[in-house]
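K.L.:
I'll drop the sequence and a predicted model, then ask my questions.
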Amino acid sequence: MSRIGRAPISLPSNVEVTLGEGNLVTVKGPKGTLTQKLSEKMTLTQEGNVIHVTRPNDEKENRALHGLTRTLLNNMVVGVTEGYKKELDVNGVGYRVAKEGKKLTMNIGYSHPVVMEETDGITIEVPSPNKIIISGTDKQKVGQFAAEVRGKRPPEPYKGKGIKYTDEVIRRKEGKTGVKK
């Protein structure tokens, strides 16, 4: 059996989970509400403050969906209690970011500033001109938005200029060595 899928999901006291028809799951917590339709092949059972995910048989597709369904449900529970956040660093001479209302304005080496708007469920913080913090309750939305911001100017391997995740390591390359004879 799947080690991840077999693990029970324990619910904190301030989280309420509603299992609907067709595995439509709604999770309510202190940070908000998340709703997602999970695979109908999996069976979700709630016993008190613990949820178990079981699969009908050992077919390859069901084995794959078992761990995925459990992880998606656990991510929803963690999202409404603690939330998720991604931190990005902006490196480069003259590169800076600022937040104006709900818009993130980035000066990252182009002839024009790049502007991105906050989407629903996402909050952007700019504690310093070279740091961006993206947070929210939905892990997928936070990760996707952070990837889109990073994609505006990914880090380059020679000087390391660009937008990178704080915990990302950039493999540096050596530049040109000189004139060949």
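P.N.:
Sure, I can see it.
K.L.:
So which elements touch the lowest-mean-pLDDT helix or strand in the chain?
P.N.:
Lowest on mean pLDDT, DSSP states H and E among the helices and strands of the chain sits helix 3-6, with a mean of 89. Applying 3 or more Cβ pairs under 8 Å, 6 or more residues apart in numbering; DSSP states H and E, we find helix 3-6 packed against helix 60-81. Where you see a C-beta, it was placed from the backbone N, CA and C, and this is true even at glycine.
K.L.:
Name the residues that touch the helix it packs on?
P.N.:
Contact partners of helix 60-81, identified using Cβ atoms under 8 Å, 6 or more residues apart in numbering, comprise 1-5, 7, 9, 11-12, 14-15, 17, 23, 25, 27-34, 36, 38-39, 41-42, 44, 51, 53-56, 84, 136-140.
K.L.:
Can you tell me which of the residues you listed end up in helices?
P.N.:
Among the contacts of helix 60-81, the residues falling in helices (DSSP state H) are Arg3, Ile4, Gly5, Lys139, Gln140.
K.L.:
show me the contacts for the first one.
P.N.:
Right, Arg3. Gly67.
K.L.:
Look up how far His66 lies from it.
P.N.:
10 Å (Cβ to Cβ, to the nearest Å).
K.L.:
just the second one next, same as before
P.N.:
When distance is defined by Cβ to Cβ, Ile4 is 8 Å away from His66.
K.L.:
Neighbour count for those two, which is higher?
P.N.:
Between Ile4 and His66, counting by other Cβ atoms under 10 Å, His66 is the more crowded of the two (23 against 14).
K.L.:
What does the spatially most central residue of the chain show for phi and psi?
P.N.:
In the chain, the residue lying closest to the centroid (Cα atoms, centre = their mean) is Gly143, at 2.7 Å. Main-chain torsions, Gly143, degrees, to the nearest 10: phi -60, psi -40.
K.L.:
Tell me how far it lies from Asn49.
P.N.:
28 Å.
K.L.:
Surely Val50 is in contact with Pro8?
P.N.:
Yes: contact criterion Cβ atoms under 8 Å: Val50 and Pro8 qualify, at 4.9 Å.
K.L.:
neighbour count winner among these two?
P.N.:
Of the pair Val50 and Pro8, Pro8 is the one with more neighbours under other Cβ under 10 Å, namely 14 against 11.
K.L.:
what sits against the more buried one?
P.N.:
Pro8 is in contact with Val50, Ile51, His52, counting by Cβ under 8 Å, 6+ apart.
K.L.:
Please report the distance of it from Gly20.
P.N.:
Taken as Cβ to Cβ, the span from Pro8 to Gly20 is 20 Å.
K.L.:
And for Thr43?
P.N.:
In terms of Cβ to Cβ, Thr43 sits 14 Å off from Gly20.
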